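1. Need a 3D model of the following:
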Amino acid sequence: MQALILFGPPGSGKGTQAARLVERYGWAHLATGDMFREALSRNDPVAVEAQDLMKAGRLVPDELVGRMVRAKLQQLKNEGRWDGIIFDGYPRNVAQVGHLDAILTECGIALAGVVALEVEDELLVKRLAGRCSCPTCGKTYNIHFDPPRTAGRCDTDGSTLVCRLDDNEQTIRERLRVYREQTRPVIEVYRGRGQLAVVPGSDGPQPVFERLTAIVDPWTGRHDR
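-> Numbers count the residues shown, from 1 in each chain. So this is what the prediction gives:
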């Protein structure tokens, strides 16, 4: 049983790449946000406790997040989905690195490696601030890279396109600042252990995926490139 940790700032395409890695290796994908929502839907007591803390305006302790991760791994084991795990953006701070170390040891899981997607901030801002979508059919666009034929109108049904309120440059730059601030120390821990690979992520999905698999395939013992 192996685990891979994937990091990437907002707009880096980390979600897209995680999905493609899951398809290639057949591993389970563990993103803490999805894990939390799924656990809440089952009224999992640990998730409910975390939600109560957030409603009270308090931070969820790292130990509690670790308990959710441990419970999710046990669930995957019980379901027979035990070939491998892709951790998406976890751990988020140095304290959580220690929690994950303990969980992996306890579960008999080897950390294959850590990959960080690297994209320059100006491109990330364009990717995120340029996003818009059709409220009728759901088709998505980017005014910089994939604009509609008629500005502000969906190519399919002519509906007025909408943008997320938080997809503005000021908010995006703050999200990127927080990501760098929180993630850099974590990445440096794994760099110091010799477990980190940095992958340029500014190209399209396919070139980035090819770079990722060139790194991850040897970690997993796959040799069919």
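
2. Only C-alpha atoms from now on, for both contacts and neighbour counts.
-> Will do.

3. which residues of this protein fall in strands?
-> Counting by DSSP state E, the chain has strands at residues 2-7, 28-31, 84-88, 110-118, 131-133, 140-142, 196-200.

4. What is the burial count for the closest residue to Arg92 other than its chain neighbours?
-> Distance criterion CA to CA, 6 or more residues apart in numbering; nearest residue to Arg92, sequence neighbours excluded, is Thr183 at 6.1 Å. Other residues lying near Thr183 total 21 when counted by other CA atoms under 10 Å.

5. returning to that earlier point: comparing the strands of the chain, which gets the lowest mean pLDDT score?
-> With a mean of 89, strand 28-31 has the lowest mean pLDDT of the strands of the chain.

6. Kindly list the main-chain dihedrals of Arg149?
-> phi -60, psi -40 (degrees, to the nearest 10).

7. Output the below-cut-off pLDDT ranges for the protein.
-> 46, 50, 53-60, 223-225 (pLDDT under 70).

8. And the helices in it?
-> Secondary structure of the chain (DSSP state H): helices at 14-25, 32-41, 45-55, 62-78, 94-107, 121-129, 169-192, 205-220.

9. Tell me who's in contact with the most centrally placed residue in the chain.
-> The chain has Asp88 as the residue nearest its centroid, 3.8 Å off, counting by CA atoms, centre = their mean. By CA atoms under 8 Å, 6 or more residues apart in numbering, the contact list for Asp88 reads 5-7, 15, 18, 29-32.

10. does it have beta-bridge partners, and which?
-> Beta-bridge pairing for Asp88 (DSSP bridges): Leu6, Ala31.

11. now Cys163: how far from Gln2?
-> Per CA to CA, to the nearest Å, Cys163 is found 39 Å from Gln2.

12. Give the buried residues for stretch 131-147.
-> Neighbour-count burial for stretch 131-147 flags 131-134, 140-142, 147 (criterion: 16 or more other CA atoms under 10 Å).

13. got the contact list for that stretch?
-> By CA under 8 Å, 6+ apart, the residues outside stretch 131-147 that reach it are 126-127, 130, 148, 153-154, 156-157, 159-164, 167.
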